[in-house]
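Asks: My questions are about this predicted structure, shown below with the sequence.
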Amino acid sequence: MLNRRPNPLSALEATAAYVAPSILAADFANLGAAVAQLEDAGADIVHVDVMDGHFVPNLSLGPAIVKALRSYSNLPFDVHLMLSQPYKYIEAFAQAGADHITVHVESEGAIACTLEQIKALGCSAGLSLRPGTPASSLRPYMQMLDLVLVMSVEPGFGGQSFMAEQVDKMREISAMIAASKRNIHLEVDGGIDASNASLVRQAGCNMLVAGSSVFNNPLGLKKAIQTLQ
């Protein structure tokens, strides 16, 4: 097991830009090697999408996979829980090696308690919003957050097209972050590639999650990440 760093994403400056490749688009038959290659290719963060088949219509990685992958990289593991009841699994993912955990504002349970649970286990905490959820839903939790994740596709499957109408929401949340005077990252996930990276950065996003445009790029991982950076 690697040495854990407390709250790695909250320790990163939100004024800097970061690329977080999503391993949902990696070769699952060689997942450990794919994660190791990301560090060599210049990625800043490893993004791990977790789905329960209920909150979203798909199933993906569990804590055992995160634990198995942890020894392949020193990069922060950014775990995105697309789960109806994320509070049931926070401890398992933290123990498996998650450095940061994001849950959905639309999920069940007391959101504030879930965020507190994440931080009590030594991880930084984030909230994500589906495309149809307004930015205002974040207001009760801004003082508890290290990250906000805007979904620019409907969560559940990789390879979808970027929803440009989400840019206004990014701008609104960026203004909310500025008003909070806190070091909160604004992350975007969904259809991110070289054609829209500048657009979302201009809207205030400093952390870009990209799956297909990184792992399926014919120019290779390193060039794909450099293009987004």
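Replies: Structure's in. What do you need?
Asks: Nearest residue to S161 in space, ignoring adjacent ones along the chain?
Replies: Nearest non-adjacent residue to S161, counting by CB to CB, 6 or more residues apart in numbering: G191, 5.0 Å away. In short, each C-beta sits where N, CA and C put it, glycine included.
Asks: what separates the one you found from L75, distance-wise?
Replies: In this view, G191 and L75 are 23 Å apart by CB to CB, to the nearest Å.
Asks: isn't S213 right up against D193?
Replies: Yes. Between S213 and D193 there is a contact under CB atoms under 8 Å: 3.6 Å.
Asks: intersection of neighbour lists for these two?
Replies: L228 (CB atoms under 8 Å, 6 or more residues apart in numbering).
Asks: ok, the two, which is more surrounded?
Replies: S213 (23 against 18; other CB atoms under 10 Å).
Asks: Secondary structure element for that one, which one?
Replies: Secondary-structure assignment from DSSP states H and E places S213 in helix 212-215.
Asks: Quick one: distance of that helix to the chain centre.
Replies: 15 Å (CA atoms, centre = their mean, to the nearest Å).
Asks: Isn't the residue nearest to S161 up against V153?
Replies: Yes. Judged on CB under 8 Å, G191 makes contact with V153 at a distance of 5.4 Å.
Asks: which outside residues touch stretch 156-168?
Replies: So stretch 156-168 is contacted by 22, 24-25, 49, 51, 56-58, 82, 131, 150-154, 188, 190-193, 196, 199-200, 203, 211-212 (CB under 8 Å, 6+ apart).
Asks: tally of neighbours for Q160?
Replies: 16.
Asks: That one: what secondary structure?
Replies: At Q160, secondary structure determined by DSSP: H, G, I helix; E, B strand; the rest coil is coil.
Asks: try L208
Replies: Taking three-state DSSP, the label given to L208 is strand.
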